[in-house]
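[1] next input, structure requested:
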Amino acid sequence: MSHPLPRPRPPFRDVTVGDLLTRLAQALPDREALVYGERPRFTFAALDREARTIARGLMALGVGRGERVVLWATNVPEWIVLQFAVAKAGAILVTANTSLRARDIDYVLRQSEAATLIAIRGVRDVDYVGELAAIGATSGAIPGLERLIFLSSRSAGGAKADIGDQTPPGFVPYDDLRAAAARISEAELDARGAGLGPDDVINMQYTSGTTGFPKGVMLSSRNIVNNGEALGRMLGYTPADRLCLCVPLFHCFGCVIGVLGAFTHGASLCPVVAFDPKQVLETVHRERCTALYGVPTMFIAELECPDFAQYDLTSLRTGLMAGALCPEPLMRRVMAEMHLPEIAIAYGMTESSPGITMTPRDASVAQRSQTVGPVLPELEVKIVDPATGEPRPPGERGELCCRGYNVMKGYYNNPEATRAAIDGDGWLHTGDEASQDPDGCFRITGRIKDIIIRGGENIAPMEIEDRLREHAAVADAYVYGVADPYFGEAVAAAVRLRPHTTNEVSPADLIVWCASDLAKFKVPRYLRFVSEFPMTASGKIQKFKLREEHEDQLRTEN
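    Prediction:
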């Protein structure tokens, strides 16, 4: 008598994103996968069925293999459904930052050559539908954009419809995908999936480079599934774990370290639609979460929540802090007051899927607050002279380079930038200055790239500089980061005005000018007028001097 072969159980790796959910549905069909409080609660089997239905609906609407599908939404339940549905349909999910404005989303749609856009009504003070109308996305002005799908608050797990749920002109309601699915058989969906491999590009994320607009980072299933699995393994995840996920899903932190890091180990997700410290604490308390993610500013907000003491956080044991180094006093508070003795620090970048290094769960407080830990298993890291590429010995600073399964496939339609980032031997040059301690832990000591990191958001100064230079009163402008106790860095700008315009415009006027066109996190917090810029003998602007001068000024004022 033959016996059926045992079903594979987590952890899973070296599979496509679409197949990952299928395997989870087979291995852990009745285990809770996705929990939104009173909103939908999916088991792995139910989540796989829903993702298959939506995938068939997308195929019925004409979404093809390799097509770019832009998703512009907060952490609504359908975001995670779509992460797997788009993958099952063989398309490429392009994640859009929820803070984008018309200029930003126009660039993403055009540069990615997207054929499909899925969007919610908007968030906070940004009306997505209005921004899309302003760039002509709803009237056929963007080449190649064939279909717009509207994700209402009702379809996004809301309790009831309101006026904001009325589908705007030019959009297809998300709920129509379920009806459309009837036109595509399960066998047709399986055939589409059978033609996909782990090394096919499955995800694109836009990240700020050293100049100009962001670049589209192409990531494969092997990149992100294996990186998520490695980070989840370091955190000790099992199907018994429950992760409170309050970081944005459009970031690698959310959709890779969060979703795939948990799911590759069969752990459950308890997302928060948009970060709110009270909702995070409520979710941990209600769902008995064992893990919590965030950037340092999020943990500060949670600790400072007026009702903090009312919530039972004793179910927590581990989590991840990334985006900026955590000061030792904050680390001690998080470990003790939030019951997170195994909290870890991770370092990486979108181009590395994202994880490169991570502190062990039993690392010392000093290691967690001063280093980013050792290199992850199966990856290589070296520190090199940024000018010559020659290796630097332990203890000496240089550029951190990484090589392994996690290195991106490249930048979309940008081979020149790809060659600049990945050398002929496969090393990804991060642009970050680092050194290695004798115990193998790495310290990030600065950035070779001219990037501002504000609360985990990468910001390219040139885009802001270009906006300032568009103002009639501005002769020139340079943007840089200044130290900020809450966000790590704040955006600052030094502006030289045109002659005879000094009394016509104020710093506040130029900040409003930026806010009218840029995402909120890109708008300068500080802006000062200067008569000249510090320069090298060869005529290059010395931004480090602008930063030093500005920080000295801020200290004097405070």
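
[2] Val407 and Gly348 touch, don't they?
    No - counting by C-beta atoms under 8 Å, no contact exists between Val407 and Gly348, whose distance comes to 11.0 Å. Every residue, glycine included, has its C-beta placed from N, CA and C.

[3] just the residues contacting stretch 393-403, thanks.
    352, 356, 375, 379-386, 391-392, 425-438, 442, 444-446, 448 (C-beta atoms under 8 Å, 6 or more residues apart in numbering).

[4] which members of those residues are classed as buried?
    Buried members of these, counted by 16 or more other C-beta atoms under 10 Å: 352, 356, 375, 379, 381-384, 386, 392, 427-436, 442, 444, 448.

[5] those in strands, which ones?
    Judged by DSSP state E, strands contain the following of the buried ones among the contacts of stretch 393-403: 356, 381-384, 428-436, 442, 444.

[6] so which of Val407 and Gly348 has more stuff around it?
    Gly348 (26 against 20; other C-beta atoms under 10 Å).

[7] does the more buried one have beta-bridge partners, and which?
    Here Gly348 sits in beta bridges with Gly355, as judged by DSSP bridges.

[8] mind giving me the domain split of this protein?
    Annotated domains of the chain cover 17-219, 275-447, 453-557 [automatic domain parsing].

[9] check the offset of the longest one from the chain's centre.
    Translated: domain 17-219. From the chain centre to the centre of domain 17-219 is a distance of 15 Å (C-alpha atoms, centre = their mean, to the nearest Å).

[10] start and end of that domain, how far apart?
    11 Å (C-alpha to C-alpha, to the nearest Å).

[11] from memory Arg286 sits against Val35, does it?
    No - in this structure, Arg286 is not within contact of Val35 by C-beta under 8 Å, at 9.3 Å.

[12] ok, the two, which is more surrounded?
    Shown here are Arg286 and Val35; by other C-beta under 10 Å, Val35 has more neighbours (20 against 15).

[13] Val272 versus that one, what's the distance?
    11 Å (C-beta to C-beta, to the nearest Å).

[14] and if you look at Ala494?
    With distances taken as C-beta to C-beta, Ala494 is found 37 Å from Val272.

[15] ok, the two, which is more surrounded?
    Ala494 (26 against 20).

[16] secondary structure element holding that one?
    Assessed by DSSP states H and E, Ala494 sits inside strand 488-497.

[17] each with direction, which strands does that strand pair with?
    For strand 488-497, pairing defined by DSSP bridges yields strand 474-484 (antiparallel), strand 526-529 (parallel).

[18] could you tell me the least trusted of those strands?
    Ranked by mean pLDDT, the strands paired with strand 488-497 bottom out at strand 474-484, which scores a mean of 91.

[19] list the buried ones in that one?
    In strand 474-484, counting by 16+ other C-beta under 10 Å, buried: Val474, Asp476, Ala477, Tyr478, Val479, Tyr480, Gly481, Val482, Asp484.

[20] ok, stretch 482-491 next?
    Buried residues in stretch 482-491 (16+ other C-beta under 10 Å): Val482, Asp484, Phe487, Gly488, Glu489, Ala490, Val491.

[21] what is the most widely separated pair among the residues you listed?
    With C-beta to C-beta as the measure, no two of the buried residues of stretch 482-491 lie farther apart than Gly488 and Val491, at 11.5 Å.

[22] need the residues touching each of these two.
    In contact with both Gly488 and Val491: Arg454, using C-beta under 8 Å, 6+ apart.

[23] quick check: mean pLDDT of the helix or strand hosting Ala87?
    Using DSSP H and E, Ala87 sits within helix 77-88. Mean per-residue pLDDT for helix 77-88: 98.

[24] and it, what does it pack onto?
    Judged by 3 or more C-beta pairs under 8 Å, 6 or more residues apart in numbering; DSSP states H and E, helix 77-88 is in contact with helix 17-27, helix 44-60, strand 68-72, strand 92-95, helix 186-194, strand 268-271.

[25] burial count for Lys520?
    Other residues near Lys520 number 15, with proximity taken as other C-beta under 10 Å.

[26] is it true that Leu468 touches Val495?
    Yes - at 6.2 Å, Leu468 counts as touching Val495 under the criterion of C-beta under 8 Å.

[27] give the residues shared as contacts by the two.
    In contact with both Leu468 and Val495: Val474, Ala477, Leu510, using C-beta under 8 Å, 6+ apart.

[28] give me the element the last one is part of.
    Pointing back at Leu510 there. helix 507-515.

[29] buried sites along that helix?
    Using 16+ other C-beta under 10 Å as the test for burial, helix 507-515 gives Leu510, Ile511, Trp513, Cys514, Ala515.

[30] what sits closest to the third one if chain neighbours are left out?
    The spatial neighbour of Trp513 that comes closest, neighbours along the chain excluded (C-beta to C-beta, 6 or more residues apart in numbering), is His471 at 5.4 Å.

[31] now do that neighbour, the pLDDT please.
    Note for His471: predicted pLDDT of 94.

[32] low-confidence regions, the stretch 1-150 of the chain specifically.
    Scanning the stretch 1-150 of the chain for pLDDT under 70 picks out the ranges 1-6.

[33] let's see it at 90
    Across the stretch 1-150 of the chain, the ranges flagged by pLDDT under 90 are 1-8, 37-40, 124-125.

[34] let me know the distance separating Ala344 from Val272.
    20 Å.

[35] one step back: quick one: mean pLDDT over the helix holding Leu510.
    96.

[36] what's the nearest residue to Asp104 if we skip its chain neighbours?
    Asp104 sits nearest to Ala519 (C-beta to C-beta, 6+ apart), 5.7 Å away.

[37] residues near Pro173, how many?
    The burial count for Pro173: 17, using other C-beta under 10 Å.

[38] pull the contacting residues for the closest residue to Met349 other than its chain neighbours.
    Distances taken as C-beta to C-beta, 6+ apart place Thr430 nearest to Met349, at 6.0 Å, with adjacent residues excluded. Thr430 is in contact with Met349, Glu351, Ser352, Ile356, Glu399, Leu400, Cys401, Cys402, counting by C-beta under 8 Å, 6+ apart.

[39] going by distance to Glu549, which of the residues you listed wins?
    Distances from Glu549 to the contacts of Thr430, taken by C-beta to C-beta, are shortest for Glu399, at 26.4 Å.

[40] what residues of stretch 273-286 count as buried?
    Those buried within stretch 273-286 under the rule 16+ other C-beta under 10 Å are Val273, Phe275, Pro277, Gln279, Val280, Leu281, Glu282, Thr283, Val284, His285.

[41] nearest residue to the second one other than its sequence neighbours?
    Counting by C-beta to C-beta, 6+ apart, Cys246 is the residue found nearest to Phe275 once chain neighbours are left out, at 5.0 Å.

[42] do the same with the last one
    Setting aside the residues directly before and after it, His285 is nearest to Tyr311 in space (C-beta to C-beta, 6+ apart), at 4.3 Å.

[43] near the one you found, how many other residues are there?
    So Tyr311, with other C-beta under 10 Å, has 18 neighbours.

[44] what packs against the helix or strand where Gln367 lies?
    In this assignment (DSSP H and E), Gln367 forms part of helix 365-370. In terms of contacts (3+ C-beta pairs under 8 Å, 6+ apart), helix 365-370 is packed against helix 328-337, strand 342-348.
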